[in-house]
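K.L.:
I need the structure of the sequence given here:
(one chain, ligands or ions: 1)
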Amino acid sequence: MIRLLVALGFLTAAAAVNAQAHSSQYTEDYQREALELFRDIIGMRTAAGHGQVPAMADYLAMYFLDAGFDGEDVKVIRQTISTGEEVASLVVRFRGNGLANRKPVLLLAHMDVVDAIRSDWVREPFVLIEEDGFFFGRGTSDNKTGVTALTSAFLRLQREGFTPTRDLIVAFTGDEETTMETIQHLLTDHRQLIDAEYVLNSDAGGGYRDLDHNDVSYNLQAAEKTYVTYELTMRNPGGHSSVPRSDNAIYELAAVLKNIEQHQFPARMNEVTQRYFEEMSSLVEGDVGDAMASYARDPNDPAARAVLSKYPAFNATTGTTCVATMLKAGHAENALPQTATATVNCRLFPGVPETEVREQLMQAAGNPDLEITIAFPAWEGPMSELREDVTAAVADAARSQYGDVPLVPYMASGATDSLHTRMAGMPSYGTGGLSMRPEDMFAHGLNERVPVDSFFKALDHWYNLLTDIGSDRARQ
Ligand SMILES: [Zn+2]
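P.N.:
Okay, the predicted model is just below:
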């Protein structure tokens with residue numbers, strides 16, 4: 001997944017300046033151990049088709065066993081997915097003493113990465129390279145810092161003799177970037193291994209830095225939009241291109257697409273997006289900040305929405321979006337086209353029925369001859385309610401690393417494994433623990449990187465967070 005891109009141009013400057021850190025400054029044993037583990041797993045090409053995920057699961061399992069976790073509580077679950085590849089997930093249970101009398105908390109990260117082609121990268125993608133205050137390498141941000149930080153936190157707590165008051169469960173999945181079958185397999189066939197009151201996912205959320213590396217906010221992902229893809233087709237009897245006619249599948253489809261481009265879906269708001277615009281309005285200056293405040297009060301204020309629509313990340317938070325992504329038309333250069341098809345990918349605001357979006361597309365298209373079919377069906381996960389115990393614990397853990405920054409809940413446009421845990425009835429929250437400038441985010445892209453200081457802060461973020469939610473002083 002890609003973290004929500006906030007248009008940072010407007011952010012007012014915040015407190016502490018982060019010096020460009022070098023890893024030699026980090027000398028605690030747990031920091032050295034985590035860095036070694038991070039280096040080893042970045043070196044594993046866990047992209048689809050390379051068969052490295054089971055080896056990574058086995059490698060991580062060894063760390064947990066060496067630290068004293070019982071063999072019964074460390075499970076590598078191998079699985080052949082629909083592409084024919086063998087992948088795996090790793091589930092580790094940190095047994096509590098039951099004093100909290102609450103169901104476990106599930107902690108998620110994924111071991112797989114999007115592939116990287118060496119010739120496209122400046123540096124070796126599957127080698128951890130430290131340069132200019134960054135760790136470079138495929139998976140550094142998505143999501144191997146999460147894997148490393150969760151592993152490190154479990155190892156530290158275990159060695160310190162910590163006993164949580166409720167069970168804490170780590171689950172590392174093996175195909176989040178492609179088919180998401182490992183999380184579904186865990187939920188359907190191994191539910192008792194991972195059943196939890198709620199989920200904290202390291203694969204979303206985290207801090208934002210402005211251009212000068214100041215920490216500005218810490219973002220908690222509490223909802224994801226619903227993904228659905230349509231195919232829009234115009235048909236025509238065709239004919240010879242030497243005798244053009246006014247009816248033409250390509251021109252008609254083009255007109256339909258221009259109409260859809262102009263269409264704005266109705267404004268929608270939920271608890272998460274309302275809190276998002278409220279919190280952001282105090283961080284963003286000028287007209288945009290004012291529009292956010294007005295929108296949070298009344299999403300049907302057309303002037304506020306008009307301002308927000310100019311910024312893609314904010315626009316995507318105000319309602320459903322659809323966009324043409326692929327085209328296919330005609331069969332010969334000297335023939336009138338018999339079909340013209342566009343692929344239109346939509347991201348539905350949670351709770352909006354797919355049928356409603358299809359009807360609105362049909363109306364907006366302005367041509368009753370258009371055919372609309374579903375190319376990828378809707379998978380709809382509900383929004384996760386902003387529970388006080390979760391938001392308070394994450395806010396404390398974030399402040400322990402990044403200073404007095406506000407906690408900003410948000411809805412993501414893309415999907416993570418949380419889609420499936422939410423569909424399975426477990427509220428899920430994304431808190432990655434890293435803090436970065438949007439300019440430095442290259443998840444899925446070239447030269448992926450994380451700031452060195454932030455990598456080590458993510459370790460402490462998770463250690464503090466798990467200590468908090470695993471303690472008697474856990475909030476109600
Ligand atoms: Zn991810």
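K.L.:
what pLDDT does the closest residue to the ion within the stretch 201-350 of the chain get?
P.N.:
The stretch 201-350 of the chain approaches the ion most closely through Asp203 (4.1 Å), counting by Cβ to the ion. All C-beta spots, glycine's among them, are computed from the backbone N, C-alpha and C. pLDDT for Asp203: 97.
K.L.:
Ok, Ser23 next?
P.N.:
Looking at Ser23, the pLDDT reads 80.
K.L.:
do the same with Phe442
P.N.:
Confidence at Phe442, expressed as pLDDT, is 74.
K.L.:
quick one: it from the ion, how far?
P.N.:
13 Å (Cβ to the ion, to the nearest Å).
K.L.:
what about the residue lying closest to that residue once chain neighbours are set aside, how many neighbours?
P.N.:
Ranked by Cβ to Cβ, 6 or more residues apart in numbering and with sequence neighbours excluded, the top spatial neighbour of Phe442 is Glu448, at 4.5 Å. The local packing of Glu448 (other Cβ atoms under 10 Å) involves 26 other residues.
K.L.:
per-residue pLDDT, Glu448?
P.N.:
Looking at Glu448, the pLDDT reads 94.
K.L.:
ok, Leu65 touching Asp73?
P.N.:
No - Leu65 lies out of contact with Asp73 (Cβ atoms under 8 Å); the separation is 9.5 Å.
K.L.:
helices and strands around the host helix or strand of Ala254, which ones?
P.N.:
Under DSSP states H and E, the secondary-structure element containing Ala254 is helix 249-262. Other elements packing on helix 249-262 under the criterion 3 or more Cβ pairs under 8 Å, 6 or more residues apart in numbering; DSSP states H and E are strand 226-235, strand 321-329, strand 339-348, helix 354-365.
K.L.:
next SSE after that helix?
P.N.:
Following helix 249-262 toward the C-terminus (DSSP H and E): helix 271-281.
K.L.:
what are the ranges of the strands in the stretch 101-250 of the chain?
P.N.:
105-110, 129-131, 134-136, 168-173, 198-201, 206-209, 215-224, 226-235, 239-240 (DSSP state E, counting those that start in this stretch).
K.L.:
Rounded mean pLDDT for the shortest one, please.
P.N.:
Read that as strand 239-240. So the average pLDDT for strand 239-240 ends up being 97.
K.L.:
Does anything pack onto that strand? Which helices or strands?
P.N.:
Packing contacts for strand 239-240, counted by 3+ Cβ pairs under 8 Å, 6+ apart, involve strand 335-336.
K.L.:
Could I get the contacting residues of the residue of the stretch 251-400 of the chain found nearest the ion?
P.N.:
Closest to the ion within the stretch 251-400 of the chain is Gly381: 15.5 Å, counting by Cβ to the ion. Listed by Cβ atoms under 8 Å, 6 or more residues apart in numbering, the contact set of Gly381 reads Ala223, Glu224, Thr226, Pro350, Ala415, Ser418, Leu419, His420, Arg422, Met423.
K.L.:
Can you select the buried ones among these for me in PyMOL?
P.N.:
The PyMOL command for the buried members of those (criterion: 16 or more other Cβ atoms under 10 Å) is given here:
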select buried, resi 223+224+226+350+415+418+419+420+422
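K.L.:
Hmm, which of the contacts of Gly381 is lowest in pLDDT?
P.N.:
Ala415 (90).
K.L.:
Tell me what the closest residue to that residue other than its chain neighbours is bridged to.
P.N.:
Excluding its sequence neighbours, the residue lying closest to Ala415 (Cβ to Cβ, 6+ apart) is Glu224, at 5.1 Å. Beta-bridge pairing for Glu224 (DSSP bridges): Ala412.
K.L.:
For the top helix by length along the chain, output the C-alpha coordinates as PDB.
P.N.:
Longest helix in the chain, counting residues (DSSP state H): helix 452-469. Provided in PDB are the C-alpha atoms of helix 452-469 (Å, rounded to 0.1, in the frame of the first residue of the first chain):
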ATOM      1  CA  VAL A 452      17.600   6.300   9.600                       C
ATOM      2  CA  ASP A 453      16.500   8.100  12.700                       C
ATOM      3  CA  SER A 454      12.900   7.200  12.000                       C
ATOM      4  CA  PHE A 455      13.700   3.500  11.600                       C
ATOM      5  CA  PHE A 456      15.100   3.400  15.100                       C
ATOM      6  CA  LYS A 457      12.100   5.500  16.400                       C
ATOM      7  CA  ALA A 458       9.800   2.900  14.900                       C
ATOM      8  CA  LEU A 459      11.400   0.300  17.000                       C
ATOM      9  CA  ASP A 460      10.700   2.300  20.200                       C
ATOM     10  CA  HIS A 461       7.200   3.200  18.900                       C
ATOM     11  CA  TRP A 462       6.200  -0.400  18.800                       C
ATOM     12  CA  TYR A 463       8.000  -1.300  22.100                       C
ATOM     13  CA  ASN A 464       6.200   1.500  23.900                       C
ATOM     14  CA  LEU A 465       2.900   0.800  22.300                       C
ATOM     15  CA  LEU A 466       3.000  -3.000  23.100                       C
ATOM     16  CA  THR A 467       4.100  -2.300  26.600                       C
ATOM     17  CA  ASP A 468       1.200   0.100  27.000                       C
ATOM     18  CA  ILE A 469      -1.600  -2.100  25.600                       C
END
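K.L.:
what is the rounded mean pLDDT of that helix?
P.N.:
For helix 452-469, the mean per-residue pLDDT is 97.
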